[in-house]
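Enquirer: take this sequence and fold it.
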Amino acid sequence: KRISRVMEWIGSGTRTYLTSVNAVLKAHCYIAGTKYDDLLTEYIKVASDMIEQHLGYPLTYPTVTVYNESEGKTLYLPKNVSEVTEISLWENDEWSEQTLAITLINRNRITEAFAYDLKAGKYKITGTTTITVSNKAAQCCRLLVADMFENRQNREYKTPNDMVTRLLHDEALLML
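Expert: Presented below is the predicted three-dimensional model:
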């Protein structure tokens, strides 16, 4: 049997975006002054969302709720989940909170939540994340923001991933 590593997640709490409106970003965009600061802030939010969607896990939220399925013993979580605060199993058409001894095992691109008494089924796991914005993540965000700013009037994208894929090499993103 193949264990599904596809996860749906919802971030919550005050976000820490991948970059900010600062001198480095403005240098990327060839901007002086504060005239475009609000626009750049909106682009930063969109670029952060795009990068998270492309990677498939949250980088900017302090808390995340993950919906995942398990065939028993292991659930897969985003790689930056540092603590599980709540876990519920979908049974009898409702979420039933579980009391499990969870061990988190950090892998290269994912965190495994292991429990001996984990049943097969659909789970909702809420956890605390460790937010560490790497230089690569910040640079990717700046590149996207600069591209959005420079081409704000004459470019159309079919999906957010069109631009991410075009600007950033997949292997570079996977190492964030």
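
Enquirer: from the contact counts, what lies against the top strand by length along the chain?
Expert: Looking only at the chain and at elements set by DSSP state E, the strand with the highest residue count is strand 81-91. The elements that strand 81-91 packs onto, with contact taken as 3 or more C-beta pairs under 8 Å, 6 or more residues apart in numbering; DSSP states H and E, are strand 63-70, strand 94-97, strand 103-106, strand 110-114, strand 121-129. No exception for glycine: its C-beta is placed from N, CA and C like everyone else's.

Enquirer: what are the pairing partners of the fourth one, and which direction each?
Expert: Right, strand 110-114. For strand 110-114, the paired strands and their directions (DSSP bridges) are strand 74-78 (antiparallel), strand 103-106 (antiparallel).

Enquirer: try the last one
Expert: Take DSSP bridges as the rule and strand 121-129 pairs in its sheet with strand 63-70 (antiparallel), strand 81-91 (antiparallel).

Enquirer: now the helices and strands packed on strand 81-91 in JSON lines, with mean neighbour count?
Expert: Shown next, in JSON lines, are these (neighbours: other C-beta atoms under 10 Å):
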{"stretch": "strand 63-70", "mean neighbour count": "19"}
{"stretch": "strand 94-97", "mean neighbour count": "11"}
{"stretch": "strand 103-106", "mean neighbour count": "12"}
{"stretch": "strand 110-114", "mean neighbour count": "19"}
{"stretch": "strand 121-129", "mean neighbour count": "19"}
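
Enquirer: dump those strands to TSV, plus distance to T16 and mean pLDDT.
Expert: Formatted as TSV, the entries for the helices and strands packed on strand 81-91 read as follows, by distance: least, C-beta to C-beta, whole Å; pLDDT from 0 to 100:
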stretch	distance to T16	mean pLDDT
strand 63-70	12	92
strand 94-97	28	95
strand 103-106	20	90
strand 110-114	19	88
strand 121-129	10	93
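
Enquirer: so where is this protein shaky, pLDDT-wise?
Expert: Within the chain, the stretches falling below the threshold (pLDDT under 70) are 1-6, 153-176.

Enquirer: find the centremost residue of it, please.
Expert: Central residue check for the chain by C-alpha atoms, centre = their mean: the C-alpha nearest the mean position is that of P58, 1.8 Å away.

Enquirer: that residue and A146: what is the separation?
Expert: In this view, P58 and A146 are 23 Å apart by C-beta to C-beta, to the nearest Å.

Enquirer: and for S20?
Expert: Between S20 and A146 the distance is 14 Å, computed by C-beta to C-beta.

Enquirer: those two - which one has more neighbours?
Expert: Between S20 and A146, counted using other C-beta atoms under 10 Å, the more crowded position is A146 (21 against 14).
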